[in-house]
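[1] Sharing a sequence plus its predicted fold:
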Amino acid sequence: MGALMKVAGIHHAYGGRAVLRGVDMELPRGSLVGIVGENGAGKSTLLKILAGELRPDRGVVRHEGRFGYCPQQVILNDSFTVRQHLELFRTAYSLPDLRRAEEIMEALNFREYAGERVGALSGGTRQKLNLTLALIHDPDVLLLDEPYQGFDWETYVRFWQLAVQLRTSAQSVLVVSHLAYDVDRLDVLWRLKEGVLCAGAGLAS
Amino acid sequence: MSPSLARFVIATRFTLIEHVRNRFAVALVLLFVPLWISLGQFMIVDMGVSFRLWATGEILVARGNELTQISGALNAVTLIVGFAMFSVTFSSGTFDRRLAMAGYPRPQLLLAKVASLVLASAVVSLYATAVMWAYWSPRQPVLLAVSLFSAAVTYGAVGVALGTVVRRELEGIFLVVMISVIDLALQNPIASKGADTALVRLLPSYGAMQSASAAGFSHSVLLSCLGVQLVWFVGAALLSLLAFRRRTRSAVTGRVPSSTQGAPCSLPTARRPKSTTRS
């Protein structure tokens, strides 16, 4: 199976403080991969670079196919309803319809909020929409930064069911988290330490 | 409708929704504009005052309260449109970036902001002109509305630029207010002894103020002044364009169309840009 993403020699510094000191990794097709690390280890910086949101000082990231990116901070517009968000992103992704979005909303159990203004939603529901916007174009690679903050247990379980479905469809999911809660659910676990990735404890099969 | 036009229409519709849901700005338009103009009507003496129109050298005579209404209306429309555009740009900055990185074309996003700015400026300027017309009869009401409009769009563009570059909301609001207050206070021929000095020509709403004064109290049409205002608008719009492009830029330098899904592509390094993908 070929890699959907190859990362080589990524370096990044904020001022004089080097955060990433040569990150190399591959994301195999159809895999669930986790990156863990302490607060301030550079996980979000790495994910922003992988998503194209931040330009690295050095290094190359190669992608194959489309990707979706769910940032750690919920990025929505409080003036719009859930449905209006979906409509805007349907246009951005040039999708013919919102069938996939409806499936994801069903899976995450928040379809009944479609007509609600986002500013009035709970933190968990906002996070569900944040995640949905990264998924509605059925990306080959999904990059997730602390994706289940604010989820209740049931939604958390549904999220992982969704991730497994993606893997089954030969799509790949990269999850960044500061805690290794989900080691058993992952195919590969990396630990970001002192600016480089090392194999994390507890690799699943 | 072409896909590009459809995206522009959709973005404009959503930008207008944002404006309409900015209830504070809507309340400002409904209440602040008539309040300011009415205070000018009733609180300022209606004694005749003569002043020189700097642009033509013509000496005009106007009632003090009517001249103050023009100055107040300019103050109101610039503040409101500047604040509304700043507020929407500031609050939707990261969202716009996410949309742009997801593939929404930035020109359409920016043009939608310009379209909503033009529409909002037109509505507020017509409203302010109508309120003034209720108290007195400007010689050229259409030109008066156009003059107010030209100042409003200029400040709206300034609002977009500020909304893109400042880090805190209060900073932007303070800047919009201070620029408008200094700009218009120095041009008031009643309150400022420097209203006919060369320095005043450099102020952002000089062209609009001259044109509006001519519209109120003469039959002169000062196209050159509207031209000066247009230059201010274009300058402010270019600044906001650059700021918006910078804010919504992606480290990805291109985009792979969906039909090429599966083709290899890469994100750029700092020195070696490559093709790309979408978020």
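    Received, thanks. Numbering: from 1, shown residues only, chains lettered A, B, ... in the order given.

[2] helix, strand or coil for the residue nearest to the spatial centre of chain A?
    Residue closest to the mean C-alpha point of chain A, counted by C-alpha atoms, centre = their mean, is A:Leu144 at 1.4 Å. Of the three states, A:Leu144 takes strand under DSSP: H, G, I helix; E, B strand; the rest coil.

[3] Skipping adjacent residues, who's closest to A:Glu38 in space?
    A:His178 (6.8 Å; C-beta to C-beta, 6 or more residues apart in numbering or on different chains). Heads up, the C-betas are built off the backbone N, CA and C, glycines and all.

[4] From chain B, how far out is the one you found?
    22 Å (C-beta to the nearest C-beta, to the nearest Å).

[5] surely that residue meets A:Ser44?
    No. Judged on C-beta atoms under 8 Å, A:His178 makes no contact with A:Ser44 at a distance of 9.6 Å.

[6] re the thing from before, pretty sure the residue nearest to the centre of chain A sits against A:Leu135.
    No. Applying C-beta under 8 Å as the test, A:Leu144 and A:Leu135 come out as separate, 9.6 Å apart.

[7] Show me whatever sits in contact with both of those two.
    A:Cys70 (C-beta atoms under 8 Å, 6 or more residues apart in numbering or on different chains).

[8] residue boundaries of the helices in the stretch 1-150 of chain B?
    For the stretch 1-150 of chain B, helices defined by DSSP state H, counting those that start in this stretch occupy the ranges B:3-20, B:23-27, B:33-43, B:64-91, B:93-101, B:106-135, B:141-165.

[9] JSON lines for those, including mean neighbour count and mean pLDDT?
    JSON lines is the format used below for the helices of the stretch 1-150 of chain B (neighbours: other C-beta atoms under 10 Å in any protein chain shown; pLDDT from 0 to 100):
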{"stretch": "helix B:3-20", "mean neighbour count": "17", "mean pLDDT": "93"}
{"stretch": "helix B:23-27", "mean neighbour count": "13", "mean pLDDT": "88"}
{"stretch": "helix B:33-43", "mean neighbour count": "18", "mean pLDDT": "92"}
{"stretch": "helix B:64-91", "mean neighbour count": "26", "mean pLDDT": "92"}
{"stretch": "helix B:93-101", "mean neighbour count": "22", "mean pLDDT": "90"}
{"stretch": "helix B:106-135", "mean neighbour count": "20", "mean pLDDT": "94"}
{"stretch": "helix B:141-165", "mean neighbour count": "26", "mean pLDDT": "94"}
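
[10] Quick one: closest of those helices to A:Leu174.
    helix B:93-101 (16.9 Å; C-beta to C-beta).

[11] circling back to that earlier point, and A:His178 and A:Ser44? which has more neighbours close in?
    A:Ser44 (20 against 15; other C-beta atoms under 10 Å in any protein chain shown).

[12] any idea how far the more buried one is from chain B?
    Distance of A:Ser44 to chain B, given as C-beta to the nearest C-beta: 14 Å.

[13] would that residue count as being in a helix?
    Yes. Counting by three-state DSSP, A:Ser44 is located in a helix.
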